[in-house]
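K.L.:
quick check, what structure comes out for this input:
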Amino acid sequence: MTMLTRRGALAAGIASVAALSLPARAASKTMVGALRFTSHAPSFVAFERGYFREAGLDVEFSFFQAAQPMAVAIASGDVGFGVTAISGGLISLAEKGAVKVIGGGLQEEKGIDGQLILASNAAWEAGVTTPAGLKGRTFGNTTAGSSFHYMASKIAAAEGFPGGIDLVPLQKVPAIIGALKSGQVDAWTIVPHIGKPLAASGAAKQIGWVADYLPDYQVTTVFTSAETAANDRAQAEAFIAAFAKGAADFNAALIDRTAGDEAAEEMTRLIHKYVYADEDYETAKPKIVNGAMRMNQGAALNMASIGDQLDWFKAEGLVPASVTMETLVDGSFAPAI
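P.N.:
Have a look, this model is predicted:
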């Protein structure tokens, strides 16, 4: 990979966290970090249907555009819980004793449309019609050690050209979308509620599925500060319980379709309050429905996938080799897969 794969590239984003002393949680509010993605639906459902309130949590959302800033906010105590991908920044904060993964969120599952591998129109016209054509091409990334970095590396390794994709750091998802549309980057991977509309509109071309390379990938996890996990167990348990109820509702309505058409419509309208909220409902609806992926039942954690991710971060030199699963994960809050 490029020089962006070195641990030093993470330092600027997390250096200020090293000396943090985590402030006490405000008694009246529980701040929850989120992205405006369908993949964050369990939190939205738990809020809208009162599951957080029933669990004794007064929740307010804090929205982010990338994973690493959310991890830093949780470590600092500005946010209580987050749901996002495992990143090098998150692991480094766990190594410093600042955060813990306590549950699972989104997971790739064969048979359910998941994250797409996209090529720009310019790259497609130049012959990049499958992931095998990505050797030597540019790939959209937020920061070194992001989930995009991990997926790109795994795709390259599987196709036989490890180190053959040039990562372009663009910090935020909207910037990557713009770069892909304009041909400034050749490829990207992204969740279906964003990827499918890009492909359907002709703004990019789909060339594969992430699930073909990472079939059981634990895409997102629930995490909190190490302080909360260790010393405020009741709050963490309450959050996981409410989040799991939201995930179960989401799966029943939009994945397994066991709740019926009316429930699917209600769920889609609920999510629209947070995802594509600037678009009219009829425009947003197919994007939300087509973007639905499996949420882990009971907020369970796929430990094999997390272990693979941790091993990759260590092998790339993005985090210290001494980091263990116990450093990153507190498995006492949710079941393991």
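
K.L.:
hang on, Trp188 is in a strand, isn't it?
P.N.:
Yes. Judged by DSSP: H, G, I helix; E, B strand; the rest coil, Trp188 forms part of a strand.

K.L.:
so what's the nearest residue to Tyr276 once chain neighbours are set aside up against?
P.N.:
Nearest non-adjacent residue to Tyr276, counting by Cβ to Cβ, 6 or more residues apart in numbering: Ala284, 3.6 Å away. In this view, the C-beta of every residue, glycine as well, is placed from N, C-alpha and C. Counting by Cβ atoms under 8 Å, 6 or more residues apart in numbering, Ala284 makes contact with His272, Val275, Tyr276, Ala277.

K.L.:
filter these down to the buried ones.
P.N.:
Using 16 or more other Cβ atoms under 10 Å as the burial test, the contacts of Ala284 include His272, Val275, Tyr276 as buried.

K.L.:
would you mind measuring from the second one to Gly331?
P.N.:
In this view, Val275 and Gly331 are 30 Å apart by Cβ to Cβ, to the nearest Å.

K.L.:
same question, the first one
P.N.:
Here His272 is placed at a distance of 34 Å from Gly331 (Cβ to Cβ).

K.L.:
next one: the last one
P.N.:
Using Cβ to Cβ, one gets 35 Å for the distance from Tyr276 to Gly331.

K.L.:
so what touches stretch 116-129?
P.N.:
The contact list for stretch 116-129, computed with Cβ under 8 Å, 6+ apart, reads 131, 133-134, 137, 155, 180-183, 185-190, 192, 195-196, 198-199, 202-210.

K.L.:
from the residues you listed, keep the buried residues only.
P.N.:
Buried by 16+ other Cβ under 10 Å: 131, 133-134, 137, 155, 180-181, 183, 185-190, 192, 195-196, 198-199, 204-210, out of those.

K.L.:
now intersect the residues you listed with the strands, please.
P.N.:
In strands, judged by DSSP state E, the following of the buried ones among the contacts of stretch 116-129 are found: Ala187, Trp188, Thr189, Ile190, Lys205, Gln206, Ile207, Gly208, Trp209.

K.L.:
thanks a lot, see you next time.
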